[in-house]
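Student: Model the structure of this input:
(one chain, ligands or ions: 1)
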Amino acid sequence: MCGIVGYIGESKAKGLVIDGLKRLEYRGYDSAGIAICIDGKIEIKKEKGKIENLEKIIGDPAFDGNVAIGHTRWATHGVPSATNAHPHRSMSGKIAVVHNGIIENYEEIREELKGSGVKFLSETDTEVIAQLIGSLYDGDLLVAVRKAVARFRGAYAIGVVASDEPDRIVAVRKDAPLIVGLGKDGNFISSDVPAILKQTRDVYFINNDETVLLTKDEVKIFDDDGNPVTHQVQHIDWDVNSAEKGGYDHFMIKEINEQPKGIYDTLHQRLQDDGSIKLDGISLTKEDIENISKIYIVACGTAYHAGIVGKYIIEKIVKIPVEVDIASEFRYRDSFVDEHTLFIAISQSGETLDTLEALREAKRKGARVLSVVNVVGSSVARESDDVFYTWAGPEIAVASTKAYTTQLVCMYLIALYMASHKGNIDKAYYDKIVNGLKEIPDKLSRLLEKQADIGKIAKKYYGWDKIFFVGRGQDVGVSYEGALKLKEISYINAYAIAAGELKHGTIALMDDHTLVIALATQDGLFEKMISNIEEITAREAHVMGLAKESNTKIGKFVEDEIYIPDCIDELTPLLSVVPLQIFAYYVAKERGCDIDKPKNLAKSVTVE
Ligand code: AGP
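Tutor: Numbering: from 1, shown residues only. Purely as a prediction, here's the structure:
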């Protein structure tokens, strides 16, 4: 997520804002910038890369003032660059804006402004904000901002300054965090508490659709209708370290809990009101899709596990054969890739060298390359023909969670998009999946309310060293992901296997010191899974069952049970993986492991 920091007061603003931006670095970013009101003008400096790069160009003491807004950008629209970095200014030069979030209808507003002669310098939705405010500005910044915001659809936290009104900052919040810090000689705006903790622990948490008018002595807050509202001052007693995690103990559990939002953000931008799917950044036409006779999904680790689930989804919905392969092996098979192949590369970081090399091999063989990536402008994205961005936001913990579930969302959307273009999907079935997808964020939020119960089960088993994950159908790929999560953060030698395969050898390992986590979410395979569970318990192993809420029958056969909200079989992976993530987290926590930075692991593996 992007980071916003603003200051207005008696002190010099540059140092306070840059220090605040540095305390937001944990959020992940690819460029940074600052705007300062100086002698009736707005001066802006911004740079690609880390804040140190920005500091190299803002050293001049004359580049300072008492009002400034700064920003660290996590690219969503437009590649990381100095041009696309914030702050953005209006063509008049009178308005500067920093923004966190996504303006969904920015393109239509941009076209409208272009039609009235506005010249744009960047590809960003944020510049549209600055230009619209600039076009509406007639000497009252608060009025111009409120008029502009009335046009926006999407999620945003915005900070604005005007050269003609250097005694104020205006800020607005809708579905993206914004706080006000009450300093001793001035006031702050920020995306998050860590940015201002060094200056003040007294803050206002701004609510949705509220607008803030900040001067050095006063903070005024208005509701959506422009009526003044009062807020209680909150005193923050977090230490800085826990503040970066929003009060959570680790980034991993924070990111697990961000999944409803990540899924919502990745979904709703693409699902149109009429149920059709608009895939920005993807130019696959009906003819292209009819030319595809085979799909390869190639990735590593968790991204590969998303591909396994993706195979089931795409084959079932699109009726095209799908091969799934781990990227480090793909190049050494004489794969049947040609100009009729769609090659889907999945990568959270977009920098995994195994995946990048596999992608290059597929291109050499004539495939059309579509990548599913979380980092805008990353190498995998740049070398693909089409890019489907997950909007999970920066994933800090090495163990991937929210990237995985948003990758799954992309699998569903790609499948629905292709099937609807091929014209081989029944409308009722299409609608059933689309409507089911829309319900997932709320169902996942409900499931997350039970995370403490899963923590209790983890307390029973955190000392065990033989833990298996088994399932059938869709549950097999999710079992692999559950095992990897447990392995990489608790260092327990966890193992995943298709339940039907157990009897062909592995069941020999079952004994009284074995825990088997049995996924039984597929209605059509539920009874078979009950039989597998009975085979396992007959060998004295302990079983934790995971099933839909409507299948409590499983409780009679297992020692512990976890239920996920009911949904159609196709969509269960979006829910069933989360209890496994939470289980792994609490086991590792009980074992005192370094959860966010596990030993021997890197967040992005850029070696072969
Ligand atoms: C997942 O928890 C691991 N950190 C690892 O398996 C990761 O998924 C894999 O290295 C692929 O990374 P990518 O998605 O950035 O390409």
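Student: CA atoms for contacts and neighbours, from now on please.
Tutor: OK.
Student: Ala171 reaches Leu213, doesn't it?
Tutor: Yes - if you go by C-alpha atoms under 8 Å, Ala171 and Leu213 touch, sitting 6.7 Å apart.
Student: Which element, helix or strand, includes Lys485?
Tutor: According to DSSP states H and E, Lys485 maps onto helix 474-490.
Student: Equivalent analysis for Ile317, please.
Tutor: Going by DSSP H and E, Ile317 is in helix 301-318.
Student: how far is that helix from where the chain is centred?
Tutor: 19 Å (C-alpha atoms, centre = their mean, to the nearest Å).
Student: Output the contacting helices and strands for that helix.
Tutor: Helix 301-318 sits against strand 294-299, strand 322-326, strand 341-347, helix 402-422, helix 474-490, with contacts defined as 3 or more C-alpha pairs under 8 Å, 6 or more residues apart in numbering; DSSP states H and E.
Student: Serialize those to a markdown table and add fields for mean neighbour count.
Tutor: Shown next, in a markdown table, are the helices and strands packed on helix 301-318 (neighbours: other C-alpha atoms under 10 Å):
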| stretch | mean neighbour count |
| --- | --- |
| strand 294-299 | 25 |
| strand 322-326 | 20 |
| strand 341-347 | 28 |
| helix 402-422 | 24 |
| helix 474-490 | 26 |
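Student: what would the ones you listed look like in TSV with distance to the ligand and mean pLDDT?
Tutor: TSV is the format used below for those (distance: least, C-alpha to the nearest ligand atom, whole Å; pLDDT from 0 to 100):
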stretch	distance to the ligand	mean pLDDT
strand 294-299	6	98
strand 322-326	10	97
strand 341-347	3	98
helix 402-422	8	96
helix 474-490	6	97
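Student: Using TSV, please lay out those together with distance to Gly246.
Tutor: Shown next, in TSV, are the helices and strands packed on helix 301-318 (distance: least, C-alpha to C-alpha, whole Å):
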stretch	distance to Gly246
strand 294-299	31
strand 322-326	35
strand 341-347	26
helix 402-422	16
helix 474-490	21
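Student: Enumerate the residues of this structure near the ligand.
Tutor: 300-303, 347-350, 352, 398-400, 603-605 (C-alpha under 6 Å from any ligand atom).
Student: Top of those by number of neighbours, please.
Tutor: Among the residues of the chain next to the ligand, Ser347 has the most neighbours (other C-alpha atoms under 10 Å), with 31 neighbours.
Student: separation between that one and Ser371?
Tutor: Separation of Ser347 from Ser371 (C-alpha to C-alpha, to the nearest Å): 8 Å.
Student: Need the residues touching each of those two.
Tutor: Val380 (C-alpha atoms under 8 Å, 6 or more residues apart in numbering).
Student: Pretty sure Thr406 is one of the things Ala303 touches, is it not?
Tutor: No - assessed by C-alpha under 8 Å, Ala303 is found out of contact with Thr406, at 10.4 Å.
Student: sorry, back to before: need the mean per-residue confidence for the helix holding Ile317.
Tutor: For helix 301-318, mean pLDDT is 97.
Student: then that helix to PDB, C-alphas only?
Tutor: The C-alpha trace of helix 301-318 is given here as PDB (Å, rounded to 0.1, in the frame of the first residue of the first chain):
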ATOM      1  CA  GLY A 301       6.100 -22.700  -4.200                       C
ATOM      2  CA  THR A 302       2.800 -21.200  -3.100                       C
ATOM      3  CA  ALA A 303       2.200 -19.700  -6.600                       C
ATOM      4  CA  TYR A 304       2.500 -23.200  -8.000                       C
ATOM      5  CA  HIS A 305      -0.100 -24.400  -5.500                       C
ATOM      6  CA  ALA A 306      -2.400 -21.700  -6.800                       C
ATOM      7  CA  GLY A 307      -1.800 -23.100 -10.200                       C
ATOM      8  CA  ILE A 308      -2.900 -26.600  -9.100                       C
ATOM      9  CA  VAL A 309      -6.200 -25.200  -8.000                       C
ATOM     10  CA  GLY A 310      -6.200 -23.100 -11.100                       C
ATOM     11  CA  LYS A 311      -6.000 -26.300 -13.200                       C
ATOM     12  CA  TYR A 312      -9.100 -27.700 -11.700                       C
ATOM     13  CA  ILE A 313     -11.000 -24.500 -12.100                       C
ATOM     14  CA  ILE A 314     -10.000 -23.800 -15.700                       C
ATOM     15  CA  GLU A 315     -10.500 -27.300 -17.000                       C
ATOM     16  CA  LYS A 316     -13.900 -27.500 -15.300                       C
ATOM     17  CA  ILE A 317     -15.100 -24.100 -16.600                       C
ATOM     18  CA  VAL A 318     -13.200 -23.500 -19.900                       C
END
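Student: how about that helix: buried residues?
Tutor: 301-314, 317-318 (16 or more other C-alpha atoms under 10 Å).
Student: Let me see the residues that make contact with the strand or helix carrying Ile18.
Tutor: When elements are assigned from DSSP H and E, Ile18 belongs to helix 13-22. With C-alpha under 8 Å, 6+ apart as the test, helix 13-22 has contacts from 3-7, 34, 36, 51, 64-72, 194-196.
Student: Name the next helix or strand downstream of that helix, please.
Tutor: strand 31-38.
Student: Just name whatever secondary elements that following strand is in contact with.
Tutor: Checking 3+ C-alpha pairs under 8 Å, 6+ apart, strand 31-38 ends up next to helix 13-22, strand 41-48, helix 51-55, strand 67-73.
Student: The helix holding Ile18: how far from the chain's middle?
Tutor: With C-alpha atoms, centre = their mean, you get 26 Å for helix 13-22.
Student: got the CA coordinates for it in PDB?
Tutor: Taking Å, rounded to 0.1, in the frame of the first residue of the first chain, the C-alpha atoms of helix 13-22 are listed here in PDB:
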ATOM      1  CA  ALA A  13       8.200  20.300   7.400                       C
ATOM      2  CA  LYS A  14      10.700  18.500   5.100                       C
ATOM      3  CA  GLY A  15      12.600  16.500   7.800                       C
ATOM      4  CA  LEU A  16       9.400  15.600   9.600                       C
ATOM      5  CA  VAL A  17       7.700  14.300   6.500                       C
ATOM      6  CA  ILE A  18      10.700  12.400   5.300                       C
ATOM      7  CA  ASP A  19      11.200  10.800   8.700                       C
ATOM      8  CA  GLY A  20       7.500   9.800   8.700                       C
ATOM      9  CA  LEU A  21       7.800   8.300   5.200                       C
ATOM     10  CA  LYS A  22      10.800   6.200   6.400                       C
END
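Student: Please consider this matter closed, and thank you.
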